[in-house]
Structure formats: structure tokens, C-alpha cells
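>>> The following block contains a protein sequence and its predicted model.
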Amino acid sequence: MKQSQLFTKTLRQAPKDEKCLSVRLLLRAGFVAKLSAGVYVLLPLGLRALQNIQKIISQEIENIGGQRLLMSVLIPKKNWQQTGRWKTFEELYKVKGKNNQEYGLGSTHEEVVVPLVQKYVFSYKDLPCYVYQIQTKFRDEIRVKSGILRTREFDMKDLYSFHTNEKDLDRYYEKVKKTYFKILKRVGLKAQTYLCLASGGSFSKFSHEFQTITSAGEDLIHICQNCGLAINQEIKQGYPKCPQCGKKEFKKEKAIEVGNIFKIKTKYTEPFDFQFVDKDGARKLVIMGCYGIGPSRLMGTIVEVHNDKKGIIWPKEAAPFDVHLIQVENSQKVKKEAEKIYQNLQKQGIEVLYDDRDKTAGEKFTDADLIGIPVRIVVSERTLKTNSVEIKERNKQETKLVRISHLSQFLKSYV
RNA sequence: CGGGGUAUAGUGCAACGGUAGCACGAGUCCUUUGGGAGGAUUUAGUCCCAGUUCGAAUCUGGGUACCCCGACCA
């Protein structure tokens, strides 16, 4: 992508009423635009980053058998009434159609996925079964906050698992737990994310949350200093000792919940009377788990965690582009060489943002730091004297001169 | 939903009840180009509705939007 063609521009200053660091950076760098409180538009750069995050999640979920589908956003009132949530789900957006049909806008999809899977699954032979989707969710939040961290419309990966028995659910639940950490590692958040015990509702003792430490977080978690398990403040009073290792030393931190996993068992299969025939011929209720992770919230959290005074520092796999190619001293010679490098890198499948604009070097460097692509490549009269380009990683200070003939080989270790 | 705050140009700021101004951005021309360049020139604004007043960005009332704290929540 040539930066001269990119329709977004960077902003020197963020709007003053945005207090949240991550969204200030995302707004300034041109990743998102605000439409209304808790409603954001994803701009080209932002969408690229989001899609990278979605791709990582998708790959990892499919590695544990998840089959992707896409459920509806319009969910008939009837389905919500079946579980009682038409009345109890406070954040449900309710809309009315022409013939007075009423719908709830999808905020979570148990009401769709249970009767859906029920159409195809009859026997223990059809189980277990894992389906997931990545979709925009709608929640009429009482209060939105922290930029894209809590919005009324957000991106969500929701996975639902169906099992013949609790033991099998437990087995899969542990698998998802591991997978979530793989995802977090790939998006650069593993080091600051803790597995956290939270309330499990009425069907199990706990649910597990994935809490990433950041001052923009909404939750208070208590981290066991011995084993690293965290306990959400909401249930902490019941656990003076760590339920995992028995030690009593905790550190309190603010954190944001980037994902959660939940054994919902028969909570939703029961109202839909979703039964299967087991090996012994008996009809039994299907046992369920549900697992959520929010790509858009992850994106905000990544920025919240990975930045410096100059801007965003994208982890490799989430970055909107692999490299930021910059020409400075816009002479014909430099332009020609930069263009050649741009074309060559792209041919090799490297995603390049090429700053071909007629701007001063300082402005381009400042923009590059703000946008935060992991690798910066500079082409200038100076570097061309030795048939080289200059390479700098966003999270490092030093620069390296690399011969253009060796560039693609060199980049293999970076992208 | 309770409490607090804010609202002036695309963005950030000014303006005693008396001509709405500055910086950045954007447009045009010229000169520039290794860390947000210089000159010339142009562009664009008082959240909405009432009221007070000779006169309102400024005062009063109502509304709306946005931000923050709390309760709630991925």
C-alpha cells in the first residue's frame, strides 16, 4: 500500500475528550474513527490489524477442532423467551420489524447455536461437536468506556462445545485454556495475561477469565505470588488462600478481561430440551461449554500494553503491515529505487506500507513511529551510496545498513 | 441509572456582555527534504431551542452530545 493513497492521515493531537491511551493512539494513527459513544469505525489500518488478530484466533481454534460458521445478528424474540433472557438480559438491543416481529440483536449466541446444533446432532456418535464464529456483537451497555475496550458494538469470537458428559467437557475446557494462551502469545499479550478465577454462575464453581494487566483495565485481580493464578476481586473474599497452591501472598492489579471460558453444562440445552441418545440407549441432555475472546478488545489491549511516547509498537503478527518502507530526500533516484524495493518485497509476499509522500523525513519518521509497524526500511541518497537500505525495528534504538541485494534474505528473520 | 465535568474551524487552544482570533491541518504557487521545514495566498467555527439585553460564544432556563467516577459487564 502506498501511503500517498491511504485516505487516512495521522493527527498531531487526539481529541481532548478521549482519555484512554490506546484509543488516543489508534485515533491519531488512523486505525479507528469514532462515530458515537461506544461505536467505532475500523479504518483500513485498523481493519488490517483486526483481521490479523482474527486470523490468529481462527487458526488456533480450528487446531482444536472448531468449525467456523456465521450465525445471524437478528435473533427472534421466541428464542430469547425460551431461555428467559428476553426479560433478564439488560443489555439486549430489541428491534421491531414491519409486521411487529421482534428481535434481539446478537449479544451472545446460545439461543441460536443450541437449537441449530440440535438439528444435526442426535446421538453420542455426533458428539463432541465444536462450532465457532467471529462476529459483531451488540450490547446496550449502561456505560461505555475506555475507547474500544468497552463498546456497544464489538467483535467477538464465540466458540461453543457440545459433549456427552462432563468429563469430556473438562477435557476440552483445558484444551481451550491452553489454546487461548497460544493466541495471547501470538498477539503479544501472554506475558501480562493471567488465568483468573471468576464467578461461575450457578452451574459450576468457577469460570476462568484471561485478564491482561493494564491500568485501563476494569477489573481488580489478585495474583498469587507463588503460582501465578489470579482471583477476581468479585470472588476474592471467599479465597483467602490460593485455591491452587494454598499460599496467601497476592498482588493486586488492574486488568482487562480479554477472554473467558465457561462450563455452562445444561443451562441452555435444557430450555431447548437438546438431548442425545447415549451408548446405553438412554436420552440425556447435551453438556455445553462456551468460550469467548474479543478481537477488537484484544486490539485495544495490545495498543494499551505496547506503546511508547512516540506511538504504537505492534507485535509482529498483529501489525497492519510487515514493514514500513520510507523514501527520504525525494530525488528521482531515491524514488525509483524505493519503488523497485516496494515491488520486490510485495512479490515475496511481504506486506509493505510504502511512504512515497512528498514530505520531510522528520514527518515520515514521526508518522512511522506513531503507526508502529515493526520494521522500518529507509531508502535515501545516503543509503544508496552503498547500495543499501537502513533497517530499524520499532522497539529498538539501533539501525542497521543492509545491502539491497541481501534485503529479502535479511528480512526473513524479521517478518 | 446516580454523581461530577465539558461543548468555539477538521484537531488543539484564545476572546471583560461590544469587530470571533491563534497554532496545526487542508487548497494553490515557489523554495525545501535524515526526526513534524520556510515564504506568499486561500479555506473553514460559537452544539440545539428559548429567554434577558440596544447588543450573547459569554448571562438565565430547557434540551442534546461527549468525557470521567460509581453500579453493571466480553
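Received, thanks.
>>> Next up, the contacts around the residue nearest to residue A:30 when sequence neighbours are not counted.
Closest residue to residue A:30 apart from its sequence neighbours, by Cβ to Cβ, 6 or more residues apart in numbering: residue A:8 at 3.3 Å. C-betas here are computed from N, CA, C, even on glycine. By Cβ atoms under 8 Å, 6 or more residues apart in numbering, the contact list for residue A:8 reads A:30, A:43-45.
>>> tell me which of those is nearest to RNA strand B?
Each of the contacts of residue A:8 was scored against RNA strand B by Cβ to the nearest atom of the strand, and residue A:30 proved nearest at 10.8 Å.
>>> wouldn't that closest one be in contact with residue A:47 here?
No - under the criterion of Cβ atoms under 8 Å, residue A:30 makes no contact with residue A:47, lying 11.3 Å away.
>>> Could you give the number of residues near the residue nearest to residue A:181 when sequence neighbours are not counted?
Nearest non-adjacent residue to residue A:181, counting by Cβ to Cβ, 6+ apart: residue A:190, 6.1 Å away. Per other Cβ atoms under 10 Å, the neighbour tally for residue A:190 reads 15.
>>> Then residue A:172?
Count around residue A:172 with other Cβ under 10 Å applied: 22.
>>> Tell me which helix or strand it sits in.
helix A:166-186 (DSSP states H and E).
>>> now do residue A:409
helix A:407-411.
>>> and that helix, average pLDDT?
Averaging pLDDT along helix A:407-411 gives 94.
>>> which secondary structure elements does it contact?
helix A:332-347 (3 or more Cβ pairs under 8 Å, 6 or more residues apart in numbering; DSSP states H and E).
>>> next structured bit after the helix it packs on?
strand A:352-355.
>>> Mean confidence (pLDDT) on that next one, please.
pLDDT averaged over strand A:352-355 gives 96.
>>> Pick out the residue of chain A closest to RNA strand B.
Of all residues in chain A, residue A:362 sits closest to RNA strand B, at 2.3 Å by Cβ to the nearest atom of the strand.
>>> re earlier: neighbour count: residue A:30 and residue A:47, which is higher?
Legend: neighbour count by other Cβ under 10 Å for residue A:30 and residue A:47, higher for residue A:30 (21 against 15).
>>> for stretch A:322-333, the distance to its chain's centre please.
With Cα atoms, centre = their mean, to the nearest Å as the basis, stretch A:322-333 stands 32 Å off its chain's centre.
>>> Repeat that for stretch A:77-84.
29 Å.
>>> buried stuff in it?
A:77, A:79-80, A:82-83 (16 or more other Cβ atoms under 10 Å).
>>> outside of that stretch, which residues touch it?
For stretch A:77-84, using Cβ under 8 Å, 6+ apart, the contacting residues are A:86, A:89, A:92, A:94, A:101-104, A:110-112, A:115, A:268, A:271-272.
>>> how does it look with 10 Å?
A:76, A:85-89, A:92, A:94-96, A:101-104, A:107, A:109-112, A:114-115, A:267-268, A:270-273 (Cβ atoms under 10 Å, 6 or more residues apart in numbering).
>>> Spell out whether it and RNA strand B are in contact.
No - contact of stretch A:77-84 with RNA strand B (Cβ under 7 Å from any atom of the strand) is absent, the minimum separation being 14.6 Å.
>>> just how off-centre is stretch A:332-340 within its chain?
37 Å.
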